[in-house]
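>>> Pasting the sequence and the predicted model now:
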Amino acid sequence: MPRQRLSSHSSLSSLKPTRRHVLTAGAAAGLALLMPGLASARPLDPDQFRTPLDPDEFRSRVDPGEFRTQGDPDFHPVRFRVPAPTGRKALGTTAIHLIDRSRQDPSMPSGQRELMISVWYPASMSASAPFARYMPPKTAADVDEAWTGEEGLALPPGSFDFANTLTHARVDVPVQPLRHPVVLFSPGQGDSRFVNTAQVEDLASRGYVVVTIDHSHESPVEFPRGRFLPGAPAPEVPDPAWTRTALETRTADARFVLNQLEHLADGQNPDADGKDLPDGLADSLDLRKVGMFGYGLGGYTTANTMLVDRRVAAGVDLDGTLQDDRAKGPLGEVAEKGLNRPFLLFGSDQSQRTDPGKDNYDPSWASFWAAQRGGRLNLALLHTKQKAFTDYQFIFSQLFHDIYGNDPVIGSVMRALVGSAKPARSVLAQREYLGAFFDLTLRRRPVLLLRGDSPKFPEVRFAG
C-alpha cells in the first residue's frame, strides 16, 4: 500500500491497525534504535541506530504482559508544545543561507558548499511578528517520514506535524540592543538543526545568540525558495572512515560559520541571497565570547572544532563518543590530546562513561578526561538514553499521549526510545546545566550548580 501523507482532514479508516500492533511495533523500533543489547551485538554509535528490531526478536525480549492495550488509537497530525524558555528575554530568529566559496560541491547550484544556519537571539521586547514554525515544510515532511511507517514507529505518515508546530521566537524581529555571547550548535548524525530547539531557545532567553548549523548532505536541509536537500544515512556497519570524513566536514562548516559571523559583525551581509537581516544583529555579536555545543556526532564536532580553532572558548558534548567507531576506535585526536579550554561531558545513563569497570565505558571519554588541561566536568543524566538530549524526549511523550491517551504501554515505549526520566524534569535539568556552564565559562559568573551534586536536580550526577 503506498504511503499517505496525513492532513487534519484525512480519513485513516483504511489503515485500521490495532492498538496492540501499533504500539508493539513502535516499541520494537524504539528498542532497535537505542537498546543496549543491540548495541553490543551491532556496535554502532547510538545516534546511528536506524534498523528496526524484528517483531519475533522483540517478542522474545519483552514480557507480553507489559503491552496490554485498550481502545483504538486516535491517529491525527500532532502539533507539539515546545517547553517555554526559562529566561527573561523575548526571542527572535532568522535563517541565513551561506556559500563557502573555498570548498567545491558540484551538486549545488553554485558549484560550492552551501549551508543553512538559524540564528536565535534576544529580541526587542516591543517586537511583533509571527512566531517561527518548528521546521520548514519540506524538512518537516522528511523528518516525519523517517519516524513513521513500518521502518519507523509504525505510525501513519504525517503524525509528526513539525511544520505547524510553533516555537517561542518571532521571525526576523529586531535584536535587543546589547552585545551577547555567541554559542554554536551542531546536531547529531543525520539530524536537523531544529531538533534541539528547546535547548537553543532557552540559551537565547538567557541572553545568548545561538547559531544552529545544518551540515548539508548529512542533515536534511531546506534552502530558500523551497529547494530541498535530503540527509544521507550513516553506514549500517560502523565505518571509521565515514565518521572521520563527516567530522572533518562538520568542523570546516563550524569554522566557516564563525568566519561569516565575523564578517557580519564587521557590517557585511553574509546571506548568499542578500536577505535583509534583523535590525541590530551585527552589533549584538560578542565574538570575544564564543562557545559551542553539540549532540552525538555534534558533540565530537564541538571538541574537534575547539582543537583546531581557538576562537571557541568553551564547549559541551551531549552524549557523543570522541572516536571514529565507539567499539573499535581509533580515538579522535582531541580524545588523545585534550583541550586547554573548559569542556563539559554530559552523558546519558547508558553511555559515554570513563570507568573501565562498567558496561557503559567509552575509552574516548576516559582518554579525553585524562588528557584535558582546561576546566573539565563530567555529568550523567540518570535514567536516560541518548535521544533524551534532543527535543524527541518531549515530542515522543506528547505524540504518544495525544494518539493513545493515557495507555500504560506508553511508558514502555518511552523507556525504549529515550529512557524513563520524566521529560519535563530532563529538559529542565539540561537547560539549567547548559546555561550554568556557559554563564561560568563565557560570562565568568560564579555558579553553585557546577560545584557538585545538587538536591535541586537529583537526576544529574557528577561522574568525574
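Done, it's in. Numbering: from 1, shown residues only.
>>> When you work out contacts or count neighbours from here on, use the C-alpha atoms and nothing else.
OK.
>>> Which helix or which strand is home to residue 132?
Applying DSSP states H and E as the criterion places residue 132 in strand 131-133.
>>> looking at this, residue 300 is in a helix?
Yes. When DSSP: H, G, I helix; E, B strand; the rest coil is applied, residue 300 is found to be in a helix.
>>> didn't it look like it was pressed against residue 306?
No. With contacts counted by Cα atoms under 8 Å, residue 300 stays clear of residue 306, the gap being 10.0 Å.
>>> Kindly export stretch 123-133 (C-alpha atoms) in CSV.
Extracted as CSV, the C-alpha positions of stretch 123-133 are listed here (Å, rounded to 0.1, in the frame of the first residue of the first chain):
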residue,chain,number,x,y,z
ALA,A,123,14.7,40.2,20.8
SER,A,124,13.5,43.7,21.4
MET,A,125,10.6,43.5,23.9
SER,A,126,8.3,45.6,21.6
ALA,A,127,8.9,43.4,18.6
SER,A,128,5.8,41.9,16.9
ALA,A,129,5.9,39.3,14.1
PRO,A,130,4.6,35.8,13.6
PHE,A,131,6.2,33.0,15.7
ALA,A,132,8.6,30.8,13.8
ARG,A,133,7.4,27.3,12.8
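>>> which parts of that stretch are buried?
Neighbour counts over stretch 123-133 (16 or more other Cα atoms under 10 Å) mark 123-124, 127, 131-133 as buried.
>>> Please state the offset of stretch 379-397 from the chain centre?
Centroid separation for stretch 379-397 versus its chain: 10 Å, with Cα atoms, centre = their mean, to the nearest Å.
>>> sorry, back to before: comparing residue 300 and residue 306, which residue is more hemmed in?
residue 300 (29 against 25; other Cα atoms under 10 Å).
>>> Excluding chain neighbours, give the residue nearest to the more buried one in space.
The spatially closest residue to residue 300, leaving aside those adjacent along the chain, is residue 322, at 5.3 Å (Cα to Cα, 6 or more residues apart in numbering).
>>> Do a quick rundown of the strands in the stretch 51-200 of the chain.
Remark: strands assigned in the stretch 51-200 of the chain by DSSP state E, counting those that start in this stretch are 90-104, 112-123, 131-133, 166-171, 180-186.
>>> out of those strands, which comes closest to residue 373?
Using Cα to Cα as the measure, strand 180-186 is the one of the strands of the stretch 51-200 of the chain that comes nearest residue 373, at 21.6 Å.
>>> quick check: angle from the closest one to strand 112-123?
140 degrees (axes from the mean of the first three to the mean of the last three Cα atoms, to 10 degrees).
>>> which helices and strands does strand 180-186 pack with?
Applying 3 or more Cα pairs under 8 Å, 6 or more residues apart in numbering; DSSP states H and E, we find strand 180-186 packed against strand 209-214, strand 285-295, helix 297-308.
>>> Dump those to a markdown table, plus distance to residue 237 and mean pLDDT.
What follows is the helices and strands packed on strand 180-186, written out as a markdown table (distance: least, Cα to Cα, whole Å; pLDDT from 0 to 100):
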| stretch | distance to residue 237 | mean pLDDT |
| --- | --- | --- |
| strand 209-214 | 24 | 98 |
| strand 285-295 | 21 | 98 |
| helix 297-308 | 16 | 98 |
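>>> Which among those is found nearest to residue 385?
From those, taking Cα to Cα, the stretch that ends up closest is strand 285-295, at 12.2 Å.
>>> I'd say the residue nearest to residue 300 and residue 332 touch.
Yes. Using Cα under 8 Å, residue 322 and residue 332 qualify as a contacting pair, with a distance of 5.6 Å.
>>> anything in contact with each of the two?
When contacts are counted by Cα atoms under 8 Å, 6 or more residues apart in numbering, residue 322 and residue 332 are jointly contacted by residue 364.
>>> When the two are compared, which one has more neighbours?
Neighbours per residue (other Cα under 10 Å) separate residue 322 from residue 332, with residue 322 holding more: 31 against 22.
>>> residues in contact with that one?
Residue 322 touches 299-300, 331-332, 334-335, 364-365, counting by Cα under 8 Å, 6+ apart.
>>> again, 10 Å this time
By Cα atoms under 10 Å, 6 or more residues apart in numbering, the contact set of residue 322 is 296-297, 299-301, 303-304, 329-336, 352, 362-368.
>>> Residue 296 now?
Contacts here follow Cα under 10 Å, 6+ apart; on that basis residue 296 touches 45-48, 186-189, 191, 302, 317-322, 347, 386-387, 389-390.
>>> Mind doing that once more with 7 Å?
For residue 296, the contact set (Cα atoms under 7 Å, 6 or more residues apart in numbering) comprises 47, 188-189, 318-321.
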